[in-house]
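Q: This is a predicted model, with the sequence first.
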Amino acid sequence: MNSEIFDSVVVSTDSEEIAQVARTYGAEVPFLRSPENADDHVSMASPIFETLERLSQCGRRYDAICCLLATGPFVSPDLIINGYEKLHEVGNDSVIAVQKNPHPIKRSLTVSDKGMLDMLWDEYRLTRSQDLEDTYHDAAQMYWARTQQFLKERSFLTKCTAAIVLGELDAHDIDTPEDWDTAEKLWQFMNYSKK
């Protein structure tokens, strides 16, 4: 993938093995993550904040940053470029790729410890799903931000965050072995469909 849009590509990791693979493919790994930011429960923003702080100490500052996750394999150069262009539209502090939830979340159910169903929002019990507004979720694919705003908010989601809405097959987040299997099947399907 080559969007030809980045001045530098910096990989944040605590693994020397991953760092070496990143360097092999031309990315920079100027330092490994601190132990505080190498935990499974750390927010996405914390290692980015750490990376920006440490790069700043070396005199490296950026007007804009883009975060791409290793768990989002379907990011395309076009998406990256579209995100960059949308970031530079008047009033946007950041841009996040999102997908439409397949069913209105206001009709969500909970399952109790005893296996019993209940409405999460009871006031929508009798509302038809087609009468509820569309909602979206973070597609875990691409995040752009104006650097100063990110450093101030410590988040990509601000009051001025623009969305790029992806199609159902345009993104897939890998968190489990099942997610990996699904991603492989989607990849095969998408590549087969292009033939």
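A: Ah, there it is.
Q: How about the residue nearest in space to the middle of the chain, nearest residue that isn't a chain neighbour?
A: Residue closest to the mean C-alpha point of the chain, counted by CA atoms, centre = their mean, is Ala140 at 2.8 Å. Beyond its immediate neighbours in the sequence, the residue positioned closest to Ala140 (CB to CB, 6 or more residues apart in numbering) is Asp173, lying 3.9 Å away. Where C-beta positions appear, they are placed from N, C-alpha and C, glycine not excepted.
Q: Quick check, the one you found in contact with Leu166.
A: No - assessed by CB atoms under 8 Å, Asp173 is found out of contact with Leu166, at 11.5 Å.
Q: so the residue nearest to the centre of the chain, which of the three states?
A: strand (DSSP: H, G, I helix; E, B strand; the rest coil).
Q: ok so, going back, what residues do Asp173 and Leu166 have in common as contacts?
A: Among the neighbours of Asp173, those also in contact with Leu166 (CB atoms under 8 Å, 6 or more residues apart in numbering) are Ala139, Gln141.
Q: what comes into contact with the helix or strand of the chain with the lowest mean pLDDT?
A: In the chain, the helix or strand scored least confidently by mean pLDDT, DSSP states H and E is helix 177-193, which has a mean of 86. Counting by CB under 8 Å, 6+ apart, helix 177-193 makes contact with Pro73, Phe74, Leu169, His172, Asp173, Ile174, all of which sit outside it.
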